[in-house]
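Q: heads up, no residue letters with this:
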């Protein structure tokens, strides 16, 4: 099977017309495989890894389900894994990925200090890109109406009111509020913006607080200016709304920025600008979270395989790859030239006080699920803010007890 | 047929069903009374994540699983009895709502909301499917021979199309400024958002299911119509029965067993409604029992799955199926006895 | 028969005709519409008016479209080829194949026909029409925007043909195994009056009603770790079942068994018992009677049941998406991946093109086996 896939991979590469093998610095003779998510940046990285030969990539939308089990198998079904802040948690918890300090010392001196993801002092993953939700807006509309670029969510609402008044777009605001993960994520952003904490040191929920109520109310206020179908709008949907000129602002993922200037799809090429994520309070951090994507190496494989896999990974994360795919992400890798549309992501990352990195904890995983299922009830008007938060806390507690995270 | 021969014939099929259906089912039943969880400890951990231009390091207290000597996670399995069922049904809360007369609030509990939708979905689509199927069958039977072939062909398409694709194709027609939404807006001269509120989504789900299943009912009924006894029909005409009476007293009784068959299949399939929830992403408004189980089993980012509650919800779903099937099974048993 | 009394008033005929027309429109509209969307650029595909999507101004502006000439000539060729498949082809097959090999003859004929169809419609026709358009004047100017780039992207660039092959392998496996195992059980259940047989059928009925997600989630860890727990039996060679098509075939066969045995049992019940009794008197064992006397008259039932197994395996999403890796992924989960990755609008139109591609074989299937589906379903259902 491996031979067939290698053949197929070779075929695919030759179709793209690039002179494959020559670009890899070494000839890889150990079979190496990767399991990761399947978005653009991973495609670029895995194509670059494939240059070394004997490499097989699996970009799978079910990777989240498969990864923990596949890495727990002995030997692990994959040598390399693509993870993000959230998805690294089960692998660290179960000890199925290996510390990379030795390999970094030997093969990774060129890595940026910033790329080394350390957990408890050990390098556990090599970061390749950061992603964050930040403000994107139609610069032309803002100029026409003489509006300032908003820095807080209150200003966003004012601007939205003005845009609605002028009637230049269908809906002034867009947001990734699809029920489930997306909606949970939007709440997390806003809640951190208001200075909230999800759990205390004993993992007991501390959601039902002023910050929680404020976050919910701000989200509700936003929905006034949004397409009423916001509960099914995911990132692609918001991106399309932008492209078709139906919205004027949204707090959207940095990785989506490039699509605004895609001439085949977009009616608004060159009109969308980006800025830091708005703050929830005047002196607070931007109401967003910082995400990273990176590579991990499996524990349950021979050391030689791990070494080969790491070298292949380094090849995938090299400068050449970044130069060829500069626009695919906000890369952490040397050689990256920030483009016009990356400014918002960078401004968000540099804002003071810092926006938080999305926490990689078991408790957060449970909380995020409970939020994703529970927040909608307030937005649709079925429950009051307090009742909503109370129910989410109760759901979180049930799940946390079942997971053994809290007692009794 | 001797028992040994019977066993030899049935064995391969039975074996497969035992391994892949019965065994998982038994394990699910067991799991619903137990909870298996890792043992956690609190540790101080320093974590560094990328910032721009330098990394951010924070130290925080985290819960981490404890490892045993072999490097595997230490877990404990606790007998929790009916706790998972209780967590699911939340009877005390429901009792509170009932006592306060606030009946609608029961639907705040996921399980009851799922049950409400699943039952309504099953019971509303059933008569529509039967009537629509029968009407199409009668109309096709009524049509000139030449067009029957093409009509049957077109009618079969919704039935054989991949369910995921079918649901998506209908979703594309309606979502956002989908083509049919725009048409509706022009027709009614008002702004319409089909995915903005629960009842419109529910309506689309009913529509999709009827669209998908009515052809099946139609084909069965249509074939049944070919064997209606012409003599009976003619004597009914001689007796002066009008069209409606002939349909009611001759045709429908003839189709009786087929109607039962279609109804039974539809009950079973509609009860496990699932693709619609995913296809129309209706989670925030309506969920079904199978989706609830599926959702418990989906790992979140941190890899947690609520296995115990999933098992409990699966068992409760099972009980529903068994209740639905009691009546037909009793009838079949009586017939079986009669045959012997 | 007294046709006069059965003749219907005009109003009834009209009503019934109108109803049929509306129903047919409803039945094919969603499918036809995605077919139209799949040949437009993203801007047109998601446009807000019927006319814009149908005529595709943006697609046409991009220089891609069909002229009147293309529509007329191309349509005529496609229709002629399709008609010939039903009128001319059967005769040729019958004449060219020796008796007893008719099934094989049909398979060869179907493959040859597909090759011919592909060659003419995808190979010769576009070249010819391009040449004609250049000289045809106003008739050669594109009037309807149409582009096949999404199909090209799906099938060639994204190697969708591999998913197609995987789908073929899984479906063929499921249909064969499920029929083999199912006919044996169905026959025994139809011929045994015992209580055991009855309760087996009832158990199967309950299994049939089970929500699949309950079962499927339990498989994943077991399949991934299979080399561990199979080691005592197979030793070093113990396979990892995860990602293997045969493992998925086994699961789908098992899930499909309840329906298969119920259906086949009904068909076997329609075959008079005298037939096997006569064979038994002649000294056949049960199995010989089954193999040599019963099976030859069971073909209609087997074909219908096979079609249903085909549909189940071909359309399955839950099992295949979870238990297969990317290399062995079938078509339906492959489409879902178009949506779950960070999609662009182009990806969505490609997904629509892929969705249409998936539907095409089903389309052909219904066209060919329509009669078997209708007659077979009834024969199976009347007794069921």
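A: Arrived safely, thanks for sending. No experiment lies behind these values; they were computed from the predicted model shown.

Q: care to break the chain down by domain?
A: This is for chain A. Structural domains assigned to chain A are A:2-98+A:295-333, A:132-289+A:345-403, following automatic domain parsing.

Q: could you do chain C instead?
A: The record assigns chain C these domain ranges, following automatic domain parsing: C:27-153, C:158-383.

Q: tell me the mean pLDDT for the helix or strand where residue C:113 lies?
A: Using DSSP states H and E, residue C:113 sits within helix C:102-118. Averaged across helix C:102-118, pLDDT comes to 79.

Q: got the buried residues for that helix?
A: C:105-106, C:109, C:113 (16 or more other Cβ atoms under 10 Å in any protein chain shown). Using the backbone N, CA and C atoms, a C-beta is placed for each residue, glycine as well.

Q: give me the contacts around that helix.
A: Applying Cβ atoms under 8 Å, 6 or more residues apart in numbering or on different chains, the contact partners of helix C:102-118 are C:81, C:85, C:89, C:92-94, C:96-97.

Q: which one of the domains of chain A lies closest to chain C?
A: domain A:2-98+A:295-333 (3.5 Å; Cβ to the nearest Cβ).

Q: which of the contacts of helix C:102-118 fall within helices?
A: Judged by DSSP state H, the contacts of helix C:102-118 include C:81, C:85, C:89, C:92-94, C:96 as members of helices.

Q: just the buried ones from those residues?
A: For the ones in helices among the contacts of helix C:102-118, a burial check counting by 16+ other Cβ under 10 Å picks out C:81, C:85, C:89, C:93.

Q: ok, so of those residues, who is nearest residue B:271?
A: residue C:85 (40.7 Å; Cβ to Cβ).

Q: any idea how far the closest one is from chain B?
A: Residue C:85 sits at a distance of 14 Å from chain B (criterion: Cβ to the nearest Cβ, to the nearest Å).

Q: ditto for residue A:219
A: 13 Å.

Q: who's in contact with that residue?
A: Shown in contact with residue A:219 (Cβ under 8 Å, 6+ apart): A:177, A:186-187, A:190, A:375, A:379.

Q: which members of those residues are the farthest-apart pair?
A: Within the contacts of residue A:219, A:190 and A:379 form the most distant pair, 12.2 Å apart (Cβ to Cβ).

Q: looking at those two, which is more packed in?
A: Taking other Cβ atoms under 10 Å in any protein chain shown, residue A:190 and residue A:379 do not tie; residue A:190 has more neighbours (26 against 20).

Q: now the host helix or strand of residue C:127: average pLDDT?
A: Residue C:127 belongs to helix C:125-135 when assigned by DSSP H and E. Mean pLDDT, computed over helix C:125-135, is 77.

Q: mind listing the strands whichever helix or strand comes after that helix pairs with, and their directions?
A: For helix C:125-135, the following helix or strand on the C-terminal side (DSSP H and E) is strand C:142-145. Sheet pairing of strand C:142-145 (DSSP bridges) gives strand C:65-67 (antiparallel).

Q: how distant is the partner strand from the center of its chain?
A: 31 Å (Cα atoms, centre = their mean, to the nearest Å).

Q: show me the contact partners of it.
A: C:56, C:59, C:74, C:133, C:136, C:139-146.

Q: repeat the analysis, applying 7 Å as the threshold.
A: For strand C:65-67, contacts defined as Cβ atoms under 7 Å, 6 or more residues apart in numbering or on different chains pick out C:59, C:133, C:139-146.

Q: grab the nearest non-local neighbour of residue B:328.
A: residue B:264 (5.6 Å; Cβ to Cβ, 6 or more residues apart in numbering or on different chains).

Q: returning to that earlier point: so which of the domains of chain C is the most packed in?
A: Burial of the domains of chain C is given as mean neighbour count (mean count of other Cβ atoms under 10 Å in any protein chain shown); domain C:158-383 ranks first at a mean of 19.

Q: and the average pLDDT for that domain is what?
A: On average, domain C:158-383 scores 81.

Q: same thing with stretch A:235-251?
A: In this model, stretch A:235-251 carries a mean pLDDT of 88.

Q: could you list the low-pLDDT ranges of chain A?
A: Along chain A, segments meeting pLDDT under 70 span A:1-22, A:61, A:408.

Q: now do the SS call for whatever residue of the stretch 101-250 of chain B ends up closest to chain A.
A: Minimum separation of the stretch 101-250 of chain B from chain A (Cβ to the nearest Cβ) falls at residue B:196, amounting to 3.6 Å. Classification of residue B:196 by DSSP: H, G, I helix; E, B strand; the rest coil places it in coil.

Q: the residue nearest to it when sequence neighbours are not counted: how many residues sit nearby?
A: Nearest residue to residue B:196, sequence neighbours excluded (Cβ to Cβ, 6+ apart): residue A:228, at 3.6 Å. A count of nearby residues for residue A:228, using other Cβ under 10 Å, gives 14.

Q: shouldn't residue A:228 be within a helix?
A: No - using three-state DSSP, the assignment for residue A:228 is coil, not a helix.
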